[in-house]
Structure formats: structure tokens, C-alpha cells
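Chemist: Structure for this input, please:
(one chain, ligands or ions: 4)
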Amino acid sequence: MKKILKIVLLALSSFCVVSSFAGSSGVADMHVAKKMECKACHKSEDMKAITQDGCVECHGNQKEMLAKTGDKFGPVNPHFNHQPKPAACIQCHRGHKAARLTCSKCHDFEIQKK
Ligand code: HEC
Ligand code: HEC
Ligand code: HEC
Ligand code: HEC
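Modeler: Ligands and ions are numbered 1, 2, ... in the order given. Down below sits the predicted model:
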């Protein structure tokens with residue numbers, strides 16, 4: 001596993017993710033287009049008080065996502081998590097802003113879509 005990982009010391013390093021991830025405007029549009037309501041994700045009236053609960057109800061948690069997607073995204077699955085405080089779904093998959101990969105603070109690996 002270590003061989004395929006390039007741990008980078010500089011936070012400024014570039015990283016490469018599949019274009020749908022890097023280029024997207026956020027996950028909300030696609031869900032709304034599939035007739036899902038705002039409140040599927042926004043469980044409280046306060047839109048800003050959002051949590052990942054909705055995501056997990058429909059998709060499963062981080063471990064379940066890891067099991068479901070396996071090696072679909074290349075050697076490193078973005079749903080693999082070794083940190084004491086794992087990133088929430090919505091830290092990477094943002095609702096209305098381009099997605100980001102929180103791992104790239106420390107790593108530089110490619111995510112592919114098979
Ligand atoms: C009401 C159920 C529901 C909720 C809530 C929900 N999703 Fe989804 N999501 C879906 C469905 C259904 C699809 C489409 C699956 C397909 O087409 O195979 C999908 C697709 C996706 C995709 C793939 C998008 C793509 O372009 O391929 C991502 C990523 C995703 N959801 C992340 C999230 C995240 C993050 C949240 C929480 C902010 C969330 N979802 C909340 C049901 C839900
Ligand atoms: C560290 C960043 C990160 C976190 C945290 C994260 N994801 Fe992802 N997820 C990705 C990347 C990168 C992809 C692959 C690109 C894409 O499909 O958007 C992906 C893909 C997906 C897909 C599409 C799966 C497919 O088969 O194409 C779904 C659904 C999804 N994530 C749901 C979730 C849910 C639910 C959570 C929280 C339990 C979560 N993700 C947490 C980065 C993350
Ligand atoms: C797939 C899940 C999802 C759906 C569906 C969704 N949102 Fe969001 N929304 C989020 C997330 C996650 C955030 C947190 C900020 C971010 O990531 O963009 C958010 C934040 C917001 C905010 C606060 C913006 C800010 O800058 O603080 C508003 C307002 C909002 N959403 C409105 C809506 C409306 C209106 C709809 C229905 C048309 C909707 N959202 C559908 C996931 C979703
Ligand atoms: C705060 C910095 C940091 C962040 C953020 C981070 N990692 Fe790591 N990661 C490390 C360090 C340090 C190691 C250990 C490197 C070694 O042992 O050579 C490591 C090791 C790994 C390994 C190899 C583990 C093994 O068992 O061989 C994988 C895979 C990995 N990280 C994936 C991820 C993914 C996916 C994310 C994002 C969800 C992430 N990391 C976020 C610092 C980080």
C-alpha cells in the first residue's frame with residue numbers, strides 16, 4: 001500500500017480526481033434533478049444546520065461506502081478513513097459548491113472512476 005502512496009509534505013501540491021468530482025457544482029443539483037426534495041438532505045428548517053444524516057440514510061456510512069465501492073476509484077478509496085476524526089460526507093461532497101478531497105491536505109493520489 002505504501003508504495004502507491006506519495007505522502008507529500010507540501011500542502012500546495014496538486015491532486016487529481018475524476019472530473020465529475022473536481023468539476024461539479026455540488027451534489028444538490030443532481031439529487032434535485034432526480035426529484036429528491038431539499039429536506040431529504042436538509043432535515044431542519046435551518047438550512048445552514050445541515051449534517052450528513054440524510055446522506056447516510058440513503059447511501060450508508062463511510063464503512064458501507066468503502067465496501068460498496070471497493071477498488072472502483074483506483075488503489076486508494078476516498079471512503080477509507082484512518083483519521084481519529086473522519087471527514088463527514090459533506091466535507092468532501094459539498095451541497096452547492098465544488099467537491100473537494102480532504103485527504104489532499106496530506107496525500108497526493110489519483111482517484112479514478114472505472
Ligand atoms: C433521499 C435519498 C438520498 C439522499 C438524502 C442523498 N442521496 Fe446521494 N444519491 C441518491 C440517489 C438515488 C442517487 C443516484 C444513484 C444512481 O443514479 O445510481 C444518488 C447519487 C449520489 C452520488 C453520485 C453522484 C453522481 O454524479 O454519480 C453522490 C456522490 C451522492 N449521491 C452523495 C450524497 C451525499 C454526500 C448526500 C448528503 C449530502 C446524499 N447523497 C444524499 C439518494 C440520496
Ligand atoms: C474524503 C472525501 C470523501 C468523503 C469524506 C466521502 N466521499 Fe464519497 N466520494 C468521494 C470521491 C472522490 C468519490 C468519487 C468521485 C465521485 O463519484 O464523485 C466519491 C464517490 C461517492 C459516491 C458515488 C459512488 C459510485 O458508485 O459512483 C457516493 C454515493 C458517495 N461518494 C457517498 C458518500 C457518503 C454517503 C459519504 C459519507 C458517509 C461519503 N461519500 C464521504 C470522496 C469522499
Ligand atoms: C444532496 C443533498 C442536498 C440537497 C438535495 C440540497 N442541499 Fe442545500 N446544502 C447541502 C449541503 C451539504 C449544504 C452545506 C453547504 C455546502 O456544502 O454547500 C447545503 C447548504 C444549503 C444552504 C446554505 C448555504 C450556505 O452557504 O450556508 C441553503 C440555503 C441550501 N442548502 C438550500 C437548498 C435548497 C433550497 C435545496 C432544494 C432545492 C437544497 N438545498 C437541496 C446539501 C443539499
Ligand atoms: C493529516 C494528514 C493526513 C490526512 C488528512 C489523511 N492521511 Fe492518509 N496517511 C497519513 C499518514 C502520515 C500516513 C502514514 C504513512 C505511512 O505509514 O507511510 C497515511 C497513510 C494512509 C494510507 C496507507 C494506510 C495503510 O494501512 O497502509 C492510506 C490508504 C491513506 N492514508 C488514505 C487516506 C485517505 C483516503 C484520506 C482521506 C479520507 C487520508 N488518508 C487522509 C496522513 C494523512
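
Chemist: does G54 really touch C41, like I thought?
Modeler: Yes: here G54 reaches C41: they are 4.3 Å apart, a contact under C-beta atoms under 8 Å. C-beta here means a position set from N, CA and C on the backbone, and glycine is covered the same way.

Chemist: So for those two, which residue has more residues nearby?
Modeler: The residue with more neighbours, out of G54 and C41, is C41; 22 against 18, by other C-beta atoms under 10 Å.

Chemist: Look up how far F80 lies from the more buried one.
Modeler: Per C-beta to C-beta, to the nearest Å, C41 is found 24 Å from F80.

Chemist: again with E45
Modeler: The gap separating E45 from F80 is 35 Å, by C-beta to C-beta.

Chemist: Give me the more crowded residue out of the two.
Modeler: More crowded of E45 and F80, by other C-beta under 10 Å: F80, with 15 against 7.

Chemist: quick one, phi/psi of H107?
Modeler: phi -110, psi 160 (degrees, to the nearest 10).

Chemist: Next, count neighbours for it.
Modeler: Using other C-beta under 10 Å, H107 is surrounded by 15 other residues.

Chemist: One more: S25?
Modeler: So S25, with other C-beta under 10 Å, has 13 neighbours.

Chemist: Model confidence at I111, what's the number?
Modeler: The per-residue pLDDT reported for I111 equals 85.

Chemist: Was I right to think K68 contacts G60?
Modeler: Yes: assessed by C-beta under 8 Å, K68 is found in contact with G60 at 6.8 Å.

Chemist: what's the burial count for K34?
Modeler: 7.

Chemist: May I have the phi/psi pair for it?
Modeler: Dihedral angles of K34 (phi, psi; degrees, to the nearest 10) stand at phi -90, psi 20.
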